[in-house]
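Generate coordinates for the sequence data below:
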Amino acid sequence: MSEAETPVTETEPVTETEPVTETEQSFDNTQVNTNSHLFAVRTTGGQEKVVLRLLEAKMRTESINVQSILLVDNLKGYVVIEAQDPQIMFNAIQGIRHVKGQLRGELQFSEIENYLVKKSTVSELAVDGTVEVIGGPFKGMKATITRIDHEKEEATVILLDAPYQLPVTVDANYLKLSTS
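All right, here's what the predicted structure looks like:
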């Protein structure tokens, strides 16, 4: 029998450990979450997915402690790596093809938050606002919004470029707020 399986007899002195309270447990969990840091790794343009796959393969074969790898479509030439410290991230990118280097310092979550949370296009639109249609058969035309359906993410617009008032229901993703 191992020490863990040995039954405790009355003659053996038993040391009591302090029970961990719920407040201490929750503090420990939050401490674990704040230990990770975000780092931007510069890659060859257009090779971000290749770098992502190579890093994923390296994570599986070797024991590198990278929490996550983020590939953002709008952030060309960069991959964001979440690791506990810069040394772990540096060891992870060593020898990976198409990695050009890293940005000095850490990224703050607020710097990449806009890329993670997709804001609904409908929330930016307002009735009587002027928009430009950027997709579909009316692409390139200016229009005024008459009604917005938030659930379906559609807007009914009146085309300004048409010779007569023509109300059209358009997907909100096809509309862009016009500056003029």
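
Please count neighbours and contacts with C-alpha atoms only from this point.
OK.

ok, longest helix in this structure?
Ranked by residue count and defined by DSSP state H, the top helix of the chain is helix 48-61.

ok, the residue lying closest to residue 45 once chain neighbours are set aside - how many residues close by?
Excluding the flanking residues, the one nearest residue 45 by Cα to Cα, 6 or more residues apart in numbering is residue 77, at 4.5 Å. Using other Cα atoms under 10 Å, residue 77 is surrounded by 20 other residues.

How is residue 127 assigned, secondary-structure-wise?
coil (DSSP: H, G, I helix; E, B strand; the rest coil).

Compute the distance between it and residue 144, please.
Per Cα to Cα, to the nearest Å, residue 127 is found 8 Å from residue 144.

What's the first helix or strand after the longest helix of the chain?
Next in sequence after helix 48-61, counting helices and strands by DSSP states H and E, comes strand 66-70.

residue boundaries of the helices in the protein?
Along the chain, counting by DSSP H, helices occupy 22-33, 48-61, 86-93, 109-116.

is it possible to export those helices to a markdown table including distance to residue 174, mean pLDDT and mean neighbour count?
As requested, the helices of the chain are exported to a markdown table (distance: least, Cα to Cα, whole Å; pLDDT from 0 to 100; neighbours: other Cα atoms under 10 Å):
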| stretch | distance to residue 174 | mean pLDDT | mean neighbour count |
| --- | --- | --- | --- |
| helix 22-33 | 39 | 37 | 10 |
| helix 48-61 | 28 | 91 | 16 |
| helix 86-93 | 39 | 90 | 16 |
| helix 109-116 | 20 | 80 | 11 |
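
how about a markdown table for those helices, with distance to residue 169 added?
Shown next, in a markdown table, are the helices of the chain (distance: least, Cα to Cα, whole Å):
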| stretch | distance to residue 169 |
| --- | --- |
| helix 22-33 | 45 |
| helix 48-61 | 37 |
| helix 86-93 | 49 |
| helix 109-116 | 28 |
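
low pLDDT regions in this structure?
Residues of the chain that meet the criterion pLDDT under 70 lie in 1-34, 118, 180.

care to break it down by domain?
Residue ranges for each domain of the chain read 22-116, 122-177, as given by automatic domain parsing.

tell me the most buried of those domains?
Highest mean neighbour count of those: domain 122-177, a mean of 16 (counted as mean count of other Cα atoms under 10 Å).

Neighbours of residue 119, how many?
By other Cα under 10 Å, 10 other residues sit near residue 119.

Distance of it relative to residue 67?
Residue 119 is 26 Å from residue 67, by Cα to Cα.

Mind checking which residue lies nearest the centre of the chain?
residue 116 (3.1 Å; Cα atoms, centre = their mean).

Appreciated, that's everything.
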